[in-house]
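Engineer: Need the 3D shape of this:
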Amino acid sequence: MARLNLLEETRFEKLPVTVYPDKQTASVKVAERIARLIQRKQEAGEQAVLGLATGATPVGVYEELVRLHQEEGLSFQNVVTFNLDEYYPMLPDAPQSYVTFMNENLFDHIDIKRENIHIPDGTLAPEEVAAFCLNYERQIEEVGGLDLQILGIGRTGHVGFNEPGSAPNSGTRLVTLDDLTRRDASRDFGGKENVPTKAITMGIGTIFKAREIVLMAWSGKKAPIIKKAVEGEVSGEVPATYLQLADNVEFVLDADAASELTRFDTPWLVKDCVWDEMLIKKAVIWLSNTLCKPILKLTEEDYNNNGMAQLATERGPAYNINIQIFNKLQHTITGWPGGKPGADDSQRPERALPAKKRVIVFSPHPDDDVISMGGTFIRLIDQGHDVHVAYQTSGNTAVWDDDVLRYMEFAIDLENSLGRDSSELQTVYDNMREFIEQKQPNQVDTQEIRNVKSYIRKSEAIAGARYAGLPDSHIHFQALPFYESGKTSKYPVTDADIELTMELLQEVKPQQVFVAGDFADPNGTHIVCFNIIAESLRRLKQTEEWVKDCWVWMYRGAWHEFKPYEIEMAVPLSPLEVIRKRNAIFKHQSQKDTPVFPGDDSREFWVRAEQRNRETALQYDNLGLADYEAMEAFVRWHF
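Structural biologist: As a prediction, the model looks like this:
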């Protein structure tokens, strides 16, 4: 019976999928599978032939393999490896090369024989590439083929660098990279313009010959493409769908990457559900959107015809469910994000008391406050709350070099206009200019350049916060140490980051804290900053009484928005408030037009913020609630 239930639950899935709660657990499981293969081959006196991948996805697997070697004696003496791909052209000692990646993450830490390592050569002359690719295939065949191929998946659906349009029988070859793939790699290269346009990759046909194939994916960013790869039709537009035709393939996912698969996203379509309040809310909103009908117009027939008969039977009649969910959504809407004084707060998202709250808005970068919750930020100040803003990082990696020279030229001219000696500044400027002219992609800036970039972002943040109505004394710049590596990859978080945060929290003793819950941030800074705040509050909760009365609200907006069923507080914005928010964002001139790290959204920050806020309001309108100009959304975090 359990097997029948599983088949019903996974009937939309066209290949085997295993889901683990997090990427750490999943990575360990994949590493254990590789280790068992290596040990079986050792016992049989044979070589284990592995196809290896690069990128963020397999890093945890390699960490566990290194641990197994160093702590449990796993030997790689009998292992032969073939990497999937390499950028072209690419020097093997370049920081972005896959040779460097594999050495740093695996090969330098295990006992593998160097002659058993094979990685496509990014230094070949163009006329040599075709012969190299044929020989790469021949080398795989000569060792008996790949025993196990591990894969990641790109957001284009590529495996290896087999971009959309790749043929299912393709072999190792030179390919042109999709624009989205290059954008995703831009952080490693200091900008998309520095990412190679081509790569050498194993073909899909080569991958298919492996006796086992394991594709791994982590995080919600991969969820949409995973759904297409697992549940979609086989298509060259999504090369990973070809894996549906493979004989021995498994997708290994964390819960976030699996979140859009039917059995997790809309489980009522494949099985009987345990209907808790959140699932009911999600299902009713889904039904309303699917049928393009306001919630209060959904009928018993609508429920029965769309997989929700069980809900109507157990919790119905349908109209009662509609009323319940409509009321829940209605109660999330408030024009009083700090609570409404003198009002019944039993059906409101925030407490009425104290009437004037102490508030900290934590902003990971110096512009997340106004981009993501600028309207609410301004309203909290307008309604008389004691609001502070804390900019957690300097944001200095996200400023163009041209801006540094422009500000330095301004400083020199100012010194001269005041009749002061600007020769020292001129020398610093000349050194900066020389460095920038010779700067390599992703090279760490000099300390002077990094300082100027920090000052640029600091001055912009002050201007934005002042425009919102904050006094200077309530504007805090933490410059958390973890961020100050000068590179896109940051230092590990230490107690110093947490202690700085605890000090500010203890100084203000807020009743309300707003934090960035937008973990799709492509730079990874948001989740790190969130975890620092979370740990700080947990520690303070052990000794400080005021923490028990502190509510934490998560905001999004720069990259994604909360889904309607998740939203616990929706703050409507008037047309005038939308303009005020836009003006606050405009104070961040270095982030205007094209920012250094735009992610996969080419719109300016103010445009995407306004459109997301308008989309949230439209979603409420489509569900049958009031039609507002825009809405900012929040979810409460309990600690």
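Engineer: May I have the distance across stretch 415-422, first residue to last?
Structural biologist: In terms of C-alpha to C-alpha, to the nearest Å, the two terminal residues of stretch 415-422 are separated by 6 Å.
Engineer: buried residues in that stretch?
Structural biologist: If you call a residue buried by 16 or more other C-beta atoms under 10 Å, then stretch 415-422 has these buried ones: 415, 422. The way it works is simple: take the backbone N, C-alpha and C, and place the C-beta from them, glycine included.
Engineer: my read is residue 175 is in a strand, agree?
Structural biologist: Yes - counting by DSSP: H, G, I helix; E, B strand; the rest coil, one finds residue 175 located in a strand.
Engineer: hang on, isn't it packed against residue 163?
Structural biologist: Yes - with contacts counted by C-beta atoms under 8 Å, residue 175 reaches residue 163, the gap being 6.3 Å.
Engineer: where do the helices sit along the stretch 401-550 of the chain?
Structural biologist: Counting by DSSP state H, counting those that start in this stretch, the stretch 401-550 of the chain forms helices over residues 401-417, 423-438, 447-468, 495-508, 525-541, given from the N-terminal end onward.
Engineer: Which pLDDT value belongs to residue 599?
Structural biologist: We note a pLDDT of 62 for residue 599 in this prediction.
Engineer: circling back to that earlier point, output the helices of the stretch 401-550 of the chain in TSV, with mean pLDDT and distance to residue 379 appended to each entry.
Structural biologist: Output for those, formatted as TSV (pLDDT from 0 to 100; distance: least, C-beta to C-beta, whole Å):
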stretch	mean pLDDT	distance to residue 379
helix 401-417	97	32
helix 423-438	97	41
helix 447-468	98	10
helix 495-508	98	19
helix 525-541	96	22
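Engineer: Who does residue 252 form a beta bridge with?
Structural biologist: residue 18, residue 216 (DSSP bridges).
Engineer: contacting residues around it?
Structural biologist: Contacts of residue 252 were listed using C-beta atoms under 8 Å, 6 or more residues apart in numbering, and they are 18, 20, 26, 29-30, 214-217.
Engineer: Identify the single longest strand in this protein, thanks.
Structural biologist: With residue count as the measure and DSSP state E as the assignment, the chain has strand 630-637 as its longest strand.
Engineer: And the contacts of stretch 203-213?
Structural biologist: By C-beta under 8 Å, 6+ apart, the residues outside stretch 203-213 that reach it are 37, 51, 84, 137, 140, 145-149, 151, 159-160, 162, 166-173, 239, 242-243, 245-246, 248-250.
Engineer: Just the buried ones from those residues, in PyMOL syntax?
Structural biologist: Burial among the contacts of stretch 203-213 is assessed by 16+ other C-beta under 10 Å; the matching PyMOL selection reads:
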select buried, resi 37+51+84+137+140+146+147+148+149+151+159+160+162+166+168+170+171+172+173+239+242+243+246+249+250
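Engineer: List the ones among the contacts of stretch 203-213 that fall in helices.
Structural biologist: Secondary structure assignment by DSSP state H places 37, 137, 140 of the contacts of stretch 203-213 in helices.
Engineer: Distance to residue 624 and pLDDT for those residues - can I get that in TSV?
Structural biologist: Compiled in TSV, the ones in helices among the contacts of stretch 203-213 are given as follows (distance: C-beta to C-beta, whole Å; pLDDT from 0 to 100):
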residue	distance to residue 624	pLDDT
37	56	98
137	60	97
140	59	98
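Engineer: just those now: which is nearest residue 626?
Structural biologist: Distance to residue 626 across the ones in helices among the contacts of stretch 203-213 (C-beta to C-beta) is lowest for residue 37, with 59.4 Å.
Engineer: what sits up against stretch 305-312?
Structural biologist: By C-beta under 8 Å, 6+ apart, the list of residues contacting stretch 305-312 from outside reads 266, 268-269, 272-273, 275, 280, 283, 287, 290-291, 300, 302-304, 318, 321.
Engineer: what about residue 353, how many neighbours?
Structural biologist: Using other C-beta atoms under 10 Å, residue 353 is surrounded by 12 other residues.
Engineer: Who are the contact partners of it?
Structural biologist: When contacts are taken as C-beta under 8 Å, 6+ apart, residue 353 is in contact with 339, 341, 345.
Engineer: Tell me how far it lies from residue 361.
Structural biologist: Here the criterion is C-beta to C-beta, to the nearest Å. By it, residue 353 lies 21 Å from residue 361.
Engineer: Please apply the same query to residue 547.
Structural biologist: 18 Å.
Engineer: if you count what's nearby, which of those two comes out ahead?
Structural biologist: Neighbours per residue (other C-beta under 10 Å) separate residue 547 from residue 361, with residue 361 holding more: 30 against 20.
Engineer: Confirm for me that residue 390 is in contact with residue 503.
Structural biologist: No - look at residue 390 against residue 503 with C-beta under 8 Å: they stay out of range, at 10.7 Å.
Engineer: Tell me which of those two has more neighbours.
Structural biologist: Here residue 390 and residue 503 are compared on neighbour count by other C-beta under 10 Å; more neighbours surround residue 390, at 26 against 12.
Engineer: which residue packs closest to that one, ignoring adjacent ones?
Structural biologist: The shortest distance from residue 390 to any non-neighbouring residue, by C-beta to C-beta, 6 or more residues apart in numbering, is to residue 476 (4.4 Å).
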